[in-house]
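got a sequence here, can you model it:
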Amino acid sequence: MPMDQVTISQDVELVQVRTVPHEGPRLFQVNSRHLLPQTYLIESASALEILLQPWIVGSRLAGLARTSSMDFLQSAYHICSQLRYSSLDMVTEVVPLAGALYYNIAEAFETLFGETINRCFIGAKRSLTPQGWITQLAYENFEAMTSEPLIVIGDTIATGGTIERIIESIMAHVREVKAIIIYSIAGGLIGAVRLRQLAERIDAPIYCFFSNAIFGVTDNGTDMPWLHPATIMSPNTRQLALDAYGPELGRRWCSVWDWGERAKQPTTHLERLQQRCMTEMERIHDPPTRSILQRILTATELAMQVRLSPVRPRV
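Residues are numbered from 1 along each chain as shown. Next up, the predicted model:
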């Protein structure tokens, strides 16, 4: 039976967490009987730029992702006692290849805490079958896993099938896990519910941090629009999304696009974004929406010029 995301989202209460230092981002606990008790929403300014400005790619995207991961780690440190009482040797990032590499969590950790962390890698491929989306694990490297790790994972989550398979694989490779802390720059409500169900089957606490919104997932199991009727966010964030995309595009366009392609193949992403803008302008005659499309198209063309410029040393 399909999940009733709208009904679930109506059962949610956002409660601001006051224990996080004032210099950090605003943090909300997401209270719902359908979600993990340790579900949080981080209002990260850097992640918001990524999600509201789809033309951001390359070094700018990498820098914003790293800063947003610092927002996550700072929030997690104040929320998760297991992280505060872990040694550096226990903290282990599990990196789902390859899009999660571009969350830059290890770099963010080193900047924030002054040391490196252990890193394990897992290759996951998501494919659509007649029975729905399935995830196959093609590669696993747990050489850096300690005996009682605190696991950190950054990944873009939609329906949650991939993160579920990854956590199940981790639990099969280690006897005891102190905690699993997950960060998603763009995370879906279906995935958030699925993680609650997973937590009931494993012997490890799970903390989930989402940036700026927990998105309703469309029927294709991939797109996560800002103005999906099930998207969970603060009124202020909703207004920013409405200003950036308008009601029409905000209802239909994915907030993050294809994260892996955007990070690994920025020119291809920009080409797709250009084509989408031009296709939409051919059929949309509403002046405000056309104005938004033209703004996005202009910014995308400028970003493309940068990608096509010659290689030049900066110093």
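
am I right that Ile153 sits in a strand?
Yes: using DSSP: H, G, I helix; E, B strand; the rest coil, the assignment for Ile153 is a strand.

that one: neighbour count?
Close neighbours of Ile153, defined as other CB atoms under 10 Å, add up to 26. Using the backbone N, CA and C atoms, a C-beta is placed for each residue, glycine as well.

over to Gly161?
Using other CB under 10 Å, Gly161 has 19 neighbouring residues.

now do the one 5 residues further on
Neighbour count for Ile166, taken as other CB under 10 Å: 24.

next one: Gln16
The tally of other residues near Gln16 (other CB under 10 Å) stands at 12.

where does this structure dip in pLDDT?
The chain contains residues with pLDDT under 70 at 1, 19-22, 128-129, 131-133.

tell me the buried residues in stretch 33-40?
Buried residues in stretch 33-40, defined by neighbour count with 16 or more other CB atoms under 10 Å: His34, Leu35, Leu36, Gln38, Thr39, Tyr40.

nope, stretch 286-299 is what I meant
In stretch 286-299, counting by 16+ other CB under 10 Å, buried: Thr289, Ile292, Leu293, Ile296, Leu297, Ala299.

buried sites along the helix or strand containing Tyr77?
Using DSSP states H and E, the element containing Tyr77 is helix 58-79. Using 16+ other CB under 10 Å as the test for burial, helix 58-79 gives 60-62, 64-77, 79.

from Arg295, how far off is Leu52?
Applying CB to CB, to the nearest Å, the value for Leu52 to Arg295 is 12 Å.

and the strands in the stretch 1-150 of the chain?
In the stretch 1-150 of the chain, the segments counted as strands under DSSP state E, counting those that start in this stretch are 13-16, 26-31, 39-43, 91-97, 118-129, 132-141, 150-154.

any idea which of those strands is most buried?
strand 150-154 (a mean of 27; mean count of other CB atoms under 10 Å).

what pairs with that one, parallel or antiparallel?
Next to strand 150-154 in the sheet, as set by DSSP bridges, lie strand 91-97 (parallel), strand 179-184 (parallel).

mind putting those in a markdown table, distance to His285 included?
Converted to a markdown table, those look like this (distance: least, CB to CB, whole Å):
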| stretch | distance to His285 |
| --- | --- |
| strand 91-97 | 42 |
| strand 179-184 | 36 |
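
can you get me a residue count around the residue lying closest to Leu64 once chain neighbours are set aside?
In space, and not counting its chain neighbours, Leu64 is closest to Ser46: 4.3 Å by CB to CB, 6 or more residues apart in numbering. Neighbour count of Ser46, defined by other CB under 10 Å: 18.

let me see the contact set for Ser46.
Shown in contact with Ser46 (CB atoms under 8 Å, 6 or more residues apart in numbering): Gly63, Leu64, Ala65, Thr67, Ser68, Asp71.

and Glu140, which of the strands paired with strand 150-154 is closest to it?
The closest of the strands paired with strand 150-154 to Glu140 is strand 91-97. By CB to CB, the value is 9.7 Å.

report the angle between the closest one and strand 132-141.
Strand 91-97 and strand 132-141 are oriented at 120 degrees to each other (axes from the mean of the first three to the mean of the last three CA atoms, to 10 degrees).

relative to strand 118-129, how tilted is strand 91-97?
Strand 91-97 runs at 30 degrees relative to strand 118-129, counting by the same axes, to 10 degrees.

was I right about Arg307 contacting Thr267?
Yes: look at Arg307 against Thr267 with CB atoms under 8 Å: they come within range, at 4.9 Å.

identify the contacts common to those two.
The overlap between the contact sets of Arg307 and Thr267 (CB under 8 Å, 6+ apart) is empty.

can you map out the helices along the stretch 201-315 of the chain?
Here the stretch 201-315 of the chain has its helices, by DSSP state H, counting those that start in this stretch, at 235-252, 259-264, 266-283, 287-307.
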